[in-house]
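> the following block contains a protein sequence and its predicted model.
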Amino acid sequence: MTTTTLAVLVPLLPFLGAVAGLLLGRTAPGFARPLAVLPTLTSLVLAALVAGRQGGGAAVDSATELTPTGSVPIELALHIDGFAALVAVLVGLVASCVQIYSTGYLRDDPRYPSYAALVSLFTSAMLLVVYSGDLMVLLVGWEVMGICSYFLVGHYWETPEARAASLKAFLVTKLGDVPFLIGLFALATDAGSFRITRILSTVAGGGLDHPTVIALLLLAGVAGKSAQFPLHTWLPDAMAGPTPVSALIHAATMVAAGVYFIARLLPVFEASQAAMVVMAVMAAVTMAGSALAALAQDDIKRVLAYSTIGQLGYMTGALAVGDRGAAVFHLLSHGAFKALLFLAAGVIIHAAGTNSLAAMSRMGHLRDRVPDAYWTMTVALLALAAIPPFSGFFSKEAVLGVAEHVVTGHTEHAPAAAGWIVLVAGLLTAVLTAAYAARLWLLAFRGRGAEAPDHGRQPLTMTVVLWVLAVPSLALGGFAFRLLPDWFDGRDLGPTLTTSVLGTGLALAGGIVTYAAWRHTAARAARFPLGAVAAHPEGDAARVEAEAIASHEPAYGDIAQAPDPADPGRLLLGPLHRHAAAGFHLDAVYAALFVRPVQAGASLVRFLDREVVETYVRGAGALPRWLGAAVRRAQTGNVQTYVSALLAGTVVLAVAVVLVATGA
């Protein structure tokens, strides 16, 4: 079988599994699990074979014209280089783990067949994006992922949170897709083709007429899909969906698509220095802001959601300094440990007996209850915090190292301003990332919340998947930075001394400070129990703090009634905590700037339609009706009345004629 044939089967098999699952889900529910797992696993094997055959060598290209358009052709094309080959393996691995995990996590869910089919369709759409060599075909996968996310995030549609989150995710990403589509057409017009290879050839020859406009339009779509500032607000709310869906979206599909798209077309963005600086600023704000927000969240999945936004900011930052190898390296590394984090969180949530969300302040005594989740999540958090020798250290250092090269003038692929922005923001985010990772570990596994009911051992399919993903989270980075340059652009991805020392030192400092703050708040909480604080003479500060903790809103599910007051995030952030917990009120800003004006405009239109247009229409219909009624009353059928009216009219006419004649 040729490499092209294998590559076609990779996205096709999950698609066929999705179709079969939707058709047979109700009539033969026993086939739902095999139809979910087997096609995805087979697709993973085929993706690995494609990667082995491609081997980091020359790109595999194949195309056939899909339909004649009369102008710019649309072709069913494959373009498989080292980036595409490895990202497809990541997508297949994470999707397979999610499908296997879901057989246990949703084993009692009556809507599992439709859920599993949508996950397969989601996987197929992402694989289409990865392998596609034509932007219009890529757009099909891009949009199919959007509708799949709508249905999967809203899986628990009985809850208002899930319904609102699915609608918000769909609308915000579509807001970015509008300029994205315009940018694609503008790019194809300048290049004369939607084929990626021809577009890159045009860029290399300086054939783009409007590189800045095109790059910024495309960047808007990427910001929506990959949850970058300012279109990132949908991703934390999307945690209302099932936890395996969160793992799929955050680790291998949807949000990874935007980063991968820029990596594919990076020369288009490099053609505009302004676009590179804008991308760097976007990445910096995303990194730092999301890390601060993560440090203030109480729900474990919202912490991980903001963490994903920040790590995507690192990838975007690597692209902003002109190194797609570092960006995709971090995408691969992040895909492994972020999938592990979400699936381990799902084990915790499952053990605690909640539906989809869990407050860390109400967790207690879970370390011994879920040892598999404890150990594997510890590995994943160390990778997230970029502590050597875990995989996240090597991939994050690749990003910081290339930013340092731009700053020191060792590369000219990006402006120095972009290098400084990414480097400073990346180091600041390294401190904050270690801080919220340590906080999550302390509150989740060493917290003092009330113990949740014991729901028994977790299904084997869930715990086995955790250990499978723990292997790349622990060992991927150690050899990947040596092997990946052969698959990518040949640039060195090894850690540099300066950024390694700075990044690791800052990460350790963030973790140590967070631990100290946790010890301090735990000791304070032990000295002043919530019930006694109000009467304690220490003063208003302790009383206000205790009242704020005591008034904490209950989380979804039945984890613990009493929250753990030992939250180091409150102490570390101080007065910034309230704003960071609310995502710096961006939703309120958008409501004031966009939602309310649109609602006011809609109210005005409704008023004009009801009070003006309808009044005119009613009046236009009433006048003939009144005239008709008057004429109808005159038709009495009485001859004497008609003769009298005729004589009266004659008299009136005669008098009028006399008056006119006299006046003349």
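Great, that's in hand. Residues are numbered from 1 along each chain as shown.

> in contact with Ala48, which residues?
The neighbourhood of Ala48, defined by C-beta atoms under 8 Å, 6 or more residues apart in numbering, consists of 89, 92. Yep, even glycine has a C-beta here, placed from its N, CA and C like the rest.

> show me how far the helix or strand it falls within is from its chain's centre.
Element membership of Ala48 [criterion: DSSP states H and E] is helix 32-54. Helix 32-54 has its C-alpha centroid displaced from the chain centroid by 25 Å (C-alpha atoms, centre = their mean, to the nearest Å).

> a helix runs through Trp157, doesn't it?
No - per DSSP: H, G, I helix; E, B strand; the rest coil, Trp157 lies outside any helix segment and is coil.

> test my guess that it contacts Leu167.
No - with contacts counted by C-beta atoms under 8 Å, Trp157 stays clear of Leu167, the gap being 10.7 Å.

> so for these two, which residue has more residues nearby?
For Trp157 and Leu167, the more surrounded residue by other C-beta atoms under 10 Å is Leu167, and the numbers stand at 15 against 12.

> what about Arg107, neighbour count?
12.

> no, scratch that, I was asking about Ser201
Counted with other C-beta under 10 Å, residues neighbouring Ser201 total 14.

> that one should be in a helix, yeah?
Yes - remark: Ser201 belongs to a helix, assigned using three-state DSSP.

> need the pLDDT of it.
For Ser201, the model assigns a pLDDT of 94.

> surely Ala293 and Phe584 touch.
Yes - using C-beta under 8 Å, Ala293 is in contact with Phe584, at 6.9 Å.

> more neighbours: which of these two?
Looking at Ala293 and Phe584 with other C-beta under 10 Å, you find the greater number of neighbours at Ala293, namely 28 against 17.

> just to revisit the earlier point, who are the packing partners of whichever helix or strand comes after the helix holding Ala48?
For helix 32-54, the following helix or strand on the C-terminal side (DSSP H and E) is strand 60-67. Helices and strands touching strand 60-67, as assessed by 3 or more C-beta pairs under 8 Å, 6 or more residues apart in numbering; DSSP states H and E, comprise helix 3-24, helix 32-54, strand 74-80.

> nearest to Asp177, of the ones you listed?
For the helices and strands packed on strand 60-67, the distance to Asp177 is smallest for strand 74-80, at 18.1 Å, taking C-beta to C-beta.

> buried stuff in the following helix or strand past that closest one?
Counting by DSSP H and E, the element after strand 74-80 in chain order, helix or strand, is helix 82-105. Burial within helix 82-105, assessed by neighbour count using 16 or more other C-beta atoms under 10 Å, is assigned to 82-105.

> what's the answer for stretch 387-394, then?
387-388, 390-394.

> how about low-confidence regions in the stretch 151-300 of the chain?
The stretch 151-300 of the chain contains no residues with pLDDT under 70.

> next structured bit after the worst-scoring helix or strand of the chain on mean pLDDT?
Sorting the helices and strands of the chain by mean pLDDT, DSSP states H and E puts helix 540-550 at the bottom, at a mean of 39. Later in the chain than helix 540-550, the nearest helix or strand by DSSP H and E is helix 568-573.

> what helices and strands are in contact with that next one?
Using 3+ C-beta pairs under 8 Å, 6+ apart: helix 568-573 touches helix 416-445, helix 497-527, helix 577-581.

> can you show me the CA trace of whichever helix or strand comes after the shortest one as CSV?
Read that as helix 577-581. Downstream of helix 577-581, the first helix or strand assigned by DSSP H and E is helix 586-590. Extracted in CSV, the C-alpha atoms of helix 586-590 (Å, rounded to 0.1, in the frame of the first residue of the first chain):
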residue,chain,number,x,y,z
LEU,A,586,-13.2,40.3,29.8
ASP,A,587,-16.6,38.7,29.5
ALA,A,588,-18.1,41.8,31.2
VAL,A,589,-16.1,44.1,28.9
TYR,A,590,-17.3,42.2,25.8
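
> how about helix 586-590: buried residues?
Per 16+ other C-beta under 10 Å, helix 586-590 contains these buried residues: 586-587, 590.

> mind putting the residues you listed into JSON lines with distance to Val129 and pLDDT?
Listed next are the buried residues of helix 586-590 as JSON lines, based on distance: C-beta to C-beta, whole Å; pLDDT from 0 to 100:
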{"residue": "Leu586", "distance to Val129": "27", "pLDDT": "92"}
{"residue": "Asp587", "distance to Val129": "28", "pLDDT": "91"}
{"residue": "Tyr590", "distance to Val129": "27", "pLDDT": "90"}
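
> got JSON lines for the helices and strands packed on helix 568-573, with mean neighbour count, mean pLDDT and distance to Met377 too?
Listed next are the helices and strands packed on helix 568-573 as JSON lines, based on neighbours: other C-beta atoms under 10 Å; pLDDT from 0 to 100; distance: least, C-beta to C-beta, whole Å:
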{"stretch": "helix 416-445", "mean neighbour count": "24", "mean pLDDT": "94", "distance to Met377": "7"}
{"stretch": "helix 497-527", "mean neighbour count": "18", "mean pLDDT": "90", "distance to Met377": "15"}
{"stretch": "helix 577-581", "mean neighbour count": "17", "mean pLDDT": "92", "distance to Met377": "22"}
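
> what lies in contact with stretch 322-330?
By C-beta under 8 Å, 6+ apart, the list of residues contacting stretch 322-330 from outside reads 83, 86-87, 259-260, 262-263, 266, 270, 276, 311, 314-316, 318-319, 394-396, 398-399, 401-402, 406, 411, 413-414, 480-481, 484-485, 488-489, 491, 493.
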